[in-house]
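> my questions concern the predicted model and sequence given below.
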Amino acid sequence: MQVNRFSTIRVRSNTYSAHSRLIGETIEVRLGAKHLNLYYAQQHLERLPRQCGNGGHHIQYRHLIDWLVRKPGAFAHYRYRQELFPTTRFRLAYDALGARQLPSVADRHYLEILRLAADHSQERVDQALETLLAQDQQWSVEQVEALVVQTPAYQRPAAYIPAVELCLYDALRSGTTAAREVA
């Protein structure tokens with residue numbers, strides 16, 4: 001199956017995005033009950049959720065962002081444009097940009113924000129947008145990038161798991177009560 005110039009493929013009357021670097025290339029699609037597996041040159045690329053029925057679509061902005069940044073004019077009339085707003089805050093940011101800039105400039109700036117999300121972290125960009133939108137003043141892509149870069153990546157706290165006292169299990173099995181309490 002060939003990836004078309006819009007970086008999409010059609011499988012059983014549904015549309016799926018593929019990475020823009022694959023435009024014009026032939027990929028193999030293996031259908032599963034709930035997923036599609038994409039292969040290129042016998043290498044597994046990714047697994048996509050399968051759409052039910054006809055006319056559905058699954059578009060990932062990470063697949064398209066390189067192509068859209070090179071051709072920002074395509075964003076305004078892109079058929080699946082709504083899929084390029086991963087959260088409501090991204091949509092609010094786009095609307096804020098459009099309210100104070102020409103549409104073509106707003107599109108270009110929004111695509112740079114979307115590229116930040118693809119390159120760094122969607123969650124960190126979302127947090128930066130939340131901060132800037134709450135300030136109720138004009139902001140720029142550079143400010144979003146500064147907040148994203150300075151925000152440390154989330155690190156899970158170390159989990160403490162106490163040692164298991166096996167005598168308690170022995171007491172449960174034998175039906176007697178344990179002589180000592182576990183604090």
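All right, it came through fine. Numbers count the residues shown, from 1 in each chain.
> which regions of this structure sit below the pLDDT cut-off?
Applying pLDDT under 70 to the chain flags the ranges 151-156, 176-183.
> for it, what spans make up the strands?
Applying DSSP state E to the chain gives strands spanning 8-11, 14-17, 28-31, 35-40, 43-49, 57-58.
> could you check how far the longest helix along the chain is from the centre of its chain?
Counting by DSSP state H, the longest helix found in the chain is helix 103-119. Relative to the centre of its chain, helix 103-119 is centred 15 Å away, using Cα atoms, centre = their mean, to the nearest Å.
> can you check stretch 126-146 too?
Chain-centre distance of stretch 126-146: 19 Å, with Cα atoms, centre = their mean.
> care to break the chain down by domain?
1-58, 61-153 (automatic domain parsing).
> separation between the residue nearest in space to the middle of the chain and residue 148?
Nearest residue to the geometric centre of the chain (Cα atoms, centre = their mean): residue 122, 6.2 Å. Residue 122 sits 10 Å away from residue 148, going by Cβ to Cβ, to the nearest Å. Any C-beta I mention is one placed from the backbone N, CA and C, and that applies to glycine too.
> do the same with residue 66
Residue 66 is 18 Å from residue 148, by Cβ to Cβ.
> would a markdown table of the domains of the chain with distance to residue 159 be doable?
Converted to a markdown table, the domains of the chain look like this (distance: least, Cβ to Cβ, whole Å):
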| stretch | distance to residue 159 |
| --- | --- |
| domain 1-58 | 29 |
| domain 61-153 | 18 |
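> closest to residue 161 out of the ones you listed?
For residue 161, the closest of the domains of the chain is domain 61-153, at 24.1 Å, according to Cβ to Cβ.
> now that closest one: how far from the chain's centre is it?
For domain 61-153, the distance to the chain centre is 13 Å (Cα atoms, centre = their mean).
> which residues does the nearest residue in space to residue 145 that is not next to it in sequence contact?
Nearest residue to residue 145 in three dimensions, chain neighbours excluded: residue 116, at 5.8 Å (Cβ to Cβ, 6 or more residues apart in numbering). Going by Cβ atoms under 8 Å, 6 or more residues apart in numbering, residue 116 touches 125, 141, 144, 145, 148.
> let's see 6 Å
By Cβ atoms under 6 Å, 6 or more residues apart in numbering, residue 116 lies in contact with 125, 145, 148.
> rewinding a little: for the residue nearest to the centre of the chain, give its distance to residue 128.
11 Å.
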